[in-house]
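Student: coords please:
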Amino acid sequence: MNREYTLSTPIIADLFTGDYREKAVNELRRIGSKRVFLAICFYHNDSKAREEILNNLEDSIQYLKDSGFEVGVWMWTLIIKEKNDFRKLTDPKGVASDAYICPTDENFVTFATEYVADIARCKPNIILFDDDFRYNYGDLGCCCDEHLRLFKEKTGVSAKPADIFNMCFTGKPNNYRSAWLTIMGDSFKKLAYKIRKTINSVDPNIRCGFCTSDSSWGLDGFDAIEMSKILAGDTKPIIRLFGAPYWYNYYGFSLAHIVENERMAASWCEKEDVENMSEGDVYPRPRYAVPASHLECFDMILRADGVANGILKYTFDYTSDALFETGYNDFHCANRSIYEMLDKHFAHKKPFGVRVFEYPRRIFDAELPQKNPDADYIHRYTFDSHAGKILSACNIPICRSGEDMPGAVFGENARHIPENALDNGMILDIKAAKILTERGFDVGLSNIIEEYTPVEEIFSDGERIKIWGKTGLFRIEPKKGAVVDSWYTTRLDYSYGSYVGNPVETPSAYFYENNKKQRFFVMAFDSVFCEKSAYRSYYKAEQLKRAIEYVSGKILPVSLTKPSPDLYILCKKDDNSMSIGLWNLFDDKIPCPEIEISDNFSKVSFVNTQGIFEGNKVKLSTLYPYEFAGIILEK
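Tutor: Sure thing, here's the model as predicted:
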């Protein structure tokens, strides 16, 4: 696990003048920030405006350095809002953007690199490009005339913008998709190499990185690690990860899902020695928009996980005085003792739980739907941590490294998982089961009949839950020898508690052991597009708990005796101790949560809670919404 966790703080450069500076520096010192990013936003082609920005920037950088901070400049990559004649990004309908410039425009590249050179001469430690370092107008690349010309040069096909989607982003991988992604990636790589060369001409010690998005891991034709190394040159690569607390309010993601996206990408960076900062964004600020509690839980979990190198924590308002909204800083300071305990007892230990297998660059060999796909589908299918989303919703601790642990692989990730990983037992969604079957592995799947619209799921003990979703559920036929554990059923007449009629039932989940003694638990939903009711339930949580024991022959190191909505569990271990973190990410309090421990320990201590340790169970005091409770067990 990484030993450094750096707190970086963004501040709008235009605000950093006059008495704002002293107020901001006092706040930065109060929260323990080590690095400040001055955000200058988009390019200006007006020479007077540009000169004013650069003069203030140079003075501000020196002021912050003299105050003891590492200083970065944070800027847009492709955006110019003033009138210009540069080639614009163009969407698959042939509509050009007003503000986003295409990286193939050599005149723009000259303009942008000269701008970067001026910024480098202001002597920052880091230059960080914002998350428009991607094709985020149109979402699937750029369909401008130049990119279409390059596509024809590579494939021999004269395509119109409207042709690209069906040619490249439906069905099985093909030469058109490969060519398109390669062209898109090469355009950005050329820009990145020129940016790095420009920085080197001023000072080769200045670091350079960018803020990632979901498309930065393949859909833009490159992956973030590859691009970070181009921008870094001979310095240490740096990126900001993707997934922020404001997604909870704005996009309907659970906080756990957001955290799991961050943990997934951070685990990819760890293998490549790329510094990563989590995206602690609370857009649009202040706390009326996003509570500090969401940001604090996000920060705590990622700090405890130990894979993230730090956080870009957006604690200053973007438009008002430095002391207008101090709530984010206040809550950060109030939790300082918890952060210290997390660093001491969690960050350096090995994560333990269900091993989730996930891979970047899935788009290159993904099989995409033939009918009614859209850009959002493609993005979700080729980036999100859907296994993390579902397992965390069922209170199951997750890890992404280590051996001898039960595994889970969902969706397109199944194309990349090594065969020996199956030996520890595997939890699969139906897409992964299909892919593994096509790869020649016996996971007990005989046939996928059709997509299906049940209204209930019935479990083997007779309990049932309502299924509200109408997508991502399938009628399937398991092989002989599979043990069905639950069933989807079509609508039943319901009157005063009595079920009548002739339901059509189909297996919704089954257990299976093949001739190699490999064990599987297969769920008949596509984890990308099934609705939340397919997996957010007490019964599904209990079923998955039993499934983990079946596929691996082992009991989870820690589990709840009673499931609880959005109670996030992180388990970390070393040879002599185990640290358990619980975060209540739900709006209700949890009266006296009880934890079951699978190993033997003789000593227990508690962080931010009280509890009783008897036998193999720990009973805690009430856990209130968005609070943390820590359990430290020693042998």
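Student: could you check how far residue 239 is from residue 187?
Tutor: Residue 239 sits 19 Å away from residue 187, going by C-beta to C-beta, to the nearest Å. In short, each C-beta sits where N, CA and C put it, glycine included.
Student: which one of these two has more residues nearby?
Tutor: residue 239 (27 against 23; other C-beta atoms under 10 Å).
Student: hmm, the more buried one is touching residue 276, no?
Tutor: Yes - counting by C-beta atoms under 8 Å, residue 239 does reach residue 276; the two are 5.5 Å apart.
Student: any shared contact partners between those two?
Tutor: Contact criterion C-beta atoms under 8 Å, 6 or more residues apart in numbering; residues shared by residue 239 and residue 276: residue 269.
Student: can you list phi and psi of residue 210 for me?
Tutor: Dihedral angles phi and psi of residue 210 (degrees, to the nearest 10) take the values phi -150, psi 160.
Student: list the contacts for the nearest residue to residue 544 once chain neighbours are set aside?
Tutor: If the residues on either side of it in the chain are set aside, residue 544 comes closest to residue 394, at 5.0 Å by C-beta to C-beta, 6 or more residues apart in numbering. For residue 394, the contacting residues are 535, 536, 540, 541, 544, 545, 563, by C-beta under 8 Å, 6+ apart.
Student: try residue 580
Tutor: So residue 580 contacts 558, 569, 570, 571, 572, 595, 630, 631, 632, 633 (C-beta under 8 Å, 6+ apart).
Student: try residue 283
Tutor: By C-beta under 8 Å, 6+ apart, the residues touching residue 283 are 244, 246, 250, 289, 290, 314.
Student: what subset of those residues is buried?
Tutor: Buried by 16 or more other C-beta atoms under 10 Å: 244, 246, 290, 314, out of the contacts of residue 283.
Student: now the third one: how far from residue 258?
Tutor: Distance of residue 290 to residue 258, given as C-beta to C-beta: 12 Å.
Student: who touches both of these two?
Tutor: Counting by C-beta under 8 Å, 6+ apart, the contacts common to residue 290 and residue 258 are 245, 248.
Student: and the residue nearest to residue 544, its phi and psi?
Tutor: phi -100, psi 20.
Student: let me know the pLDDT of it.
Tutor: Residue 394 carries a pLDDT score of 97 in this model.
Student: again with residue 382
Tutor: On pLDDT, residue 382 comes in at 84.
Student: give me the neighbour count for it.
Tutor: As a burial measure, residue 382 scores 23 neighbours (other C-beta under 10 Å).
Student: ok, back up a step: which single one of the buried ones among the contacts of residue 283 is nearest to residue 591?
Tutor: Distance to residue 591, by C-beta to C-beta, is smallest for residue 290 among the buried ones among the contacts of residue 283, at 27.3 Å.
Student: mind listing the helices for the stretch 151-300 of the chain?
Tutor: Along the stretch 151-300 of the chain, the stretches classed as helices by DSSP state H, counting those that start in this stretch are 161-168, 175-202, 224-232, 247-250, 255-270, 292-305.
Student: distance check, the residue nearest the centre of the chain against residue 243.
Tutor: The chain has residue 261 as the residue nearest its centroid, 1.8 Å off, counting by C-alpha atoms, centre = their mean. Distance, residue 261 to residue 243, by C-beta to C-beta: 4 Å.
Student: repeat for residue 487
Tutor: Plainly put, residue 487 is 35 Å away from residue 243 if you go by C-beta to C-beta.
Student: these two: which has the busier surroundings?
Tutor: Legend: neighbour count by other C-beta under 10 Å for residue 487 and residue 243, higher for residue 243 (26 against 21).
Student: quick one, what contacts the more buried one?
Tutor: Contacts of residue 243 by C-beta under 8 Å, 6+ apart are 253, 258, 259, 261, 262, 265, 278, 279.
Student: try 7 Å this time
Tutor: Neighbouring residues of residue 243 by C-beta atoms under 7 Å, 6 or more residues apart in numbering: 258, 261, 262, 279.
Student: show me where the stretch 51-200 of the chain has its strands.
Tutor: Taking DSSP state E, counting those that start in this stretch to define them, one finds strands in the stretch 51-200 of the chain at 70-80, 88-90, 96-101, 126-129.
Student: just the angle for the first one relative to helix 175-202, thanks.
Tutor: Yep, that's strand 70-80 we're talking about. Orientation note: strand 70-80 sits at an angle of 130 degrees relative to helix 175-202 (axes from the mean of the first three to the mean of the last three C-alpha atoms, to 10 degrees).
Student: alpha carbons of strand 70-80, as PDB, please.
Tutor: Extracted C-alpha coordinates of strand 70-80, given in PDB (Å, rounded to 0.1, in the frame of the first residue of the first chain):
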ATOM      1  CA  GLU A  70       3.600  23.000  -3.900                       C
ATOM      2  CA  VAL A  71       1.800  24.800  -6.600                       C
ATOM      3  CA  GLY A  72       0.000  23.500  -9.800                       C
ATOM      4  CA  VAL A  73      -1.800  25.300 -12.600                       C
ATOM      5  CA  TRP A  74      -5.100  23.700 -13.600                       C
ATOM      6  CA  MET A  75      -6.400  24.600 -17.100                       C
ATOM      7  CA  TRP A  76      -8.800  23.400 -19.800                       C
ATOM      8  CA  THR A  77      -7.400  21.500 -22.700                       C
ATOM      9  CA  LEU A  78      -9.500  22.200 -25.700                       C
ATOM     10  CA  ILE A  79     -11.900  25.000 -24.800                       C
ATOM     11  CA  ILE A  80     -11.800  28.600 -26.200                       C
END
